[in-house]
Structures are given as C-alpha cells and as structure tokens.
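Chemist: let's see this in three dimensions:
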Amino acid sequence: MWIGWIEFDILLGDVHSLKQKRSIIRPIIADLSRRTEAAVAEVGLQDLHRRTMIGLSVVAAHASHVRDVLDQAERMLVEQHPEIDLLSARRGLHFSGDE
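Modeler: Model prediction:
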C-alpha cells in the first residue's frame with residue numbers, strides 16, 4: 001500500500017475576514033476532493049485571513065497512481081483557480097512496509 005500527501009501553501013487575494021476566506025477555500029477543497037477522489041482539508045494557518053494550507057492525501061496499490069493524483073491536484077489548483085497564488089507545495093510518498 002502506498003500513501004501519498006501534498007500540502008499547498010496558498011496566498012489568497014483581497015480577503016479581509018475569516019468568513020470571506022472560508023467562502024474561497026470551501027469550493028477549492030470540494031473541487032479538489034471531487035476531481036481527485038482524495039481526502040482534502042484545510043490543515044494550517046486557519047487564523048490568518050490571506051493565507052491557508054490545504055492538504056490532500058491518497059492511498060493506492062501503486063506508487064505511480066499516487067504520484068499521478070498528486071500531480072493532477074497541483075496542476076488543477078494552479079490552472080483552475082486563478083484567484084489564489086500557490087506559494088509552495090510539499091509532498092511525501094511512503095510505502096506501508098516502511099518502518
């Protein structure tokens with residue numbers, strides 16, 4: 001079993017409240033989840049108005065499939081959500097037999 005994750009550090013545009021931030025983040029999380037069929041959540045910087053961290057994780061039988069899903073998520077975030085700026089993306093890939 002292969003487990004992969006990617007964490008996106010995102011700068012939001014002209015956002016002045018946490019409520020406004022949520023209105024931008026929720027559709028992005030739903031879109032990533034629906035299109036990749038992976039687990040997606042806001043995982044950091046919840047108390048800042050203009051920044052957020054979104055994490056995505058996927059489990060599969062083959063490492064190549066995990067890599068493909070992570071690549072697809074990153075491309076999709078950049079190409080289909082011009083309202084945000086992707087500052088960085090960190091990722092990891094682990095085999096369940098790793099100790």
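Chemist: for this protein, which segments count as strands?
Modeler: With DSSP state E, the ranges of strands along the chain come out as 2-12, 39-44, 51-60, 84-95.
Chemist: take those strands and write them to CSV, including distance to residue 27 and mean pLDDT.
Modeler: (Each C-beta comes from the backbone N, C-alpha and C, glycine too.) Output for the strands of the chain, formatted as CSV (distance: least, CB to CB, whole Å; pLDDT from 0 to 100):
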stretch, distance to residue 27, mean pLDDT
strand 2-12, 13, 95
strand 39-44, 12, 92
strand 51-60, 12, 94
strand 84-95, 11, 94
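Chemist: CSV please, covering these and showing mean neighbour count and distance to residue 22.
Modeler: Shown next, in CSV, are the strands of the chain (neighbours: other CB atoms under 10 Å; distance: least, CB to CB, whole Å):
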stretch, mean neighbour count, distance to residue 22
strand 2-12, 19, 11
strand 39-44, 16, 9
strand 51-60, 20, 10
strand 84-95, 13, 14
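Chemist: would you tell me which of those strands gets closest to residue 31?
Modeler: strand 39-44 (8.9 Å; CB to CB).
Chemist: please enumerate residues in contact with the closest one?
Modeler: 7, 25, 29, 32, 33, 52, 53, 54, 55, 56, 57, 58 (CB atoms under 8 Å, 6 or more residues apart in numbering).
Chemist: distance to residue 17 added to those residues, as TSV?
Modeler: Shown next, in TSV, are the contacts of strand 39-44 (distance: CB to CB, whole Å):
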residue	distance to residue 17
7	24
25	12
29	18
32	23
33	24
52	14
53	19
54	19
55	23
56	25
57	29
58	32
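Chemist: now the strands of the chain as a markdown table including distance to residue 71?
Modeler: Listed next are these as a markdown table, based on distance: least, CB to CB, whole Å:
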| stretch | distance to residue 71 |
| --- | --- |
| strand 2-12 | 9 |
| strand 39-44 | 15 |
| strand 51-60 | 11 |
| strand 84-95 | 9 |
